[in-house]
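# Mind looking at a prediction? Sequence and model below.
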Amino acid sequence: MAVRPNAGTKGVPRAEREEQILDVASVAFGTDGFAATNIADVARAAGISKPLVYNYFGSKEGLYAACLDRAGTLLGDEIERIAREDVVGIERGVRTLAGMFAVLEDRRHVWRLLHDRTAPTASEVLGVVSAHTERLDKLAHEGVSELLALGGVTDELDVSAMTATWLGIVDSLMDWWVDHPEQTAADMVDRVGRLIGALFVDASAGATR
């Protein structure tokens, strides 16, 4: 019997098999890092042969790029969804963080995958990184621009400096959260609320002294 062009192994549709491989590989890359991840182990965990992984993704770098693309899309779509809601300023920032915590609650390895210091420098990987970084930077710039405009600040260098600061804060909070697995997404939303509240209360108090 002829095999359908879109069929995977053992009757599993190719798209479904690819997702299965990406699920397993994403955990491996996000837990052990690119350098320490072995394709044979990924194949074994996915219940398929090592050659099939290469048949689907071409190389270890190709598999990593596919995992990276899916992870970047997952996070980028959530941030963009919040950006399209009717919120601006600090509320948009808080909701953005809340959305990130929620979407990564049960898959924190995705954050590690996106920030793997052992990631390869192959062009296919760099292309994925560039595309998603550009998307996220654009969304961050848009949110910060709206926030500063509320206070009458429109200087582009000010916006650029604050955007870099915001991205650094987000990265630091997410890194801290991933390093504290006992902290839930709800815990982090509460914590962000407390920290922002304390910062603004202190700033207001200082301005009136």
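It's in. Remember, it's a predicted structure, so these values are computed and weren't measured experimentally.
# was I right about Phe57 contacting Asp69?
No - using CB atoms under 8 Å, Phe57 is not in contact with Asp69; the gap is 11.2 Å. In this view, the C-beta of every residue, glycine as well, is placed from N, C-alpha and C.
# So which residues of this structure form helices?
14-32, 39-46, 50-57, 60-83, 89-104, 109-114, 123-150, 156-178, 185-208 (DSSP state H).
# Compare the mean pLDDT across those and name the weakest.
Here the helices of the chain differ in mean pLDDT, and the lowest is helix 185-208 at a mean of 80.
# His132 versus Leu63, what's the distance?
Going from Leu63 to His132 by CB to CB, to the nearest Å gives 17 Å.
# Report how many residues lie close to the closest residue in space to Ala28 that isn't next to it in sequence.
With sequence-adjacent residues excluded and distances taken as CB to CB, 6 or more residues apart in numbering, Ala28 is closest to Thr37, at 4.6 Å. A count of nearby residues for Thr37, using other CB atoms under 10 Å, gives 21.
# how much space between Thr37 and Ala122?
15 Å.
# Ok, Arg108 next?
From Arg108 to Ala122 the distance is 25 Å (CB to CB).
# which of these two has more neighbours?
Using other CB under 10 Å, the more surrounded residue of Arg108 and Ala122 is Arg108, with 18 against 15.
# In contact with the closest residue to that one other than its chain neighbours, which residues?
Nearest residue to Arg108 in three dimensions, chain neighbours excluded: Val178, at 4.9 Å (CB to CB, 6+ apart). Each residue near Val178 by CB atoms under 8 Å, 6 or more residues apart in numbering is listed here: 108, 111-112.
# any idea which of the residues you listed is closest to Val189?
Of all these, Val189 sits closest to Arg108, with 15.3 Å by CB to CB.
# right, and the closest one touches Glu182 too?
No - the criterion here is CB under 8 Å, and Arg108 misses it with Glu182 at 11.8 Å.
# which neighbours do those two share?
By CB under 8 Å, 6+ apart, no residue touches both Arg108 and Glu182.
# What number of residues are in the vicinity of Tyr64?
Neighbours around Tyr64, by other CB under 10 Å: 25.
# Now do the contacts for it.
Tyr64 touches 25, 29, 34, 119-120, 125, counting by CB under 8 Å, 6+ apart.
# between the residues you listed, which is closest to Asp41?
Nearest to Asp41 out of the contacts of Tyr64 is Ala25 (CB to CB; 9.7 Å).
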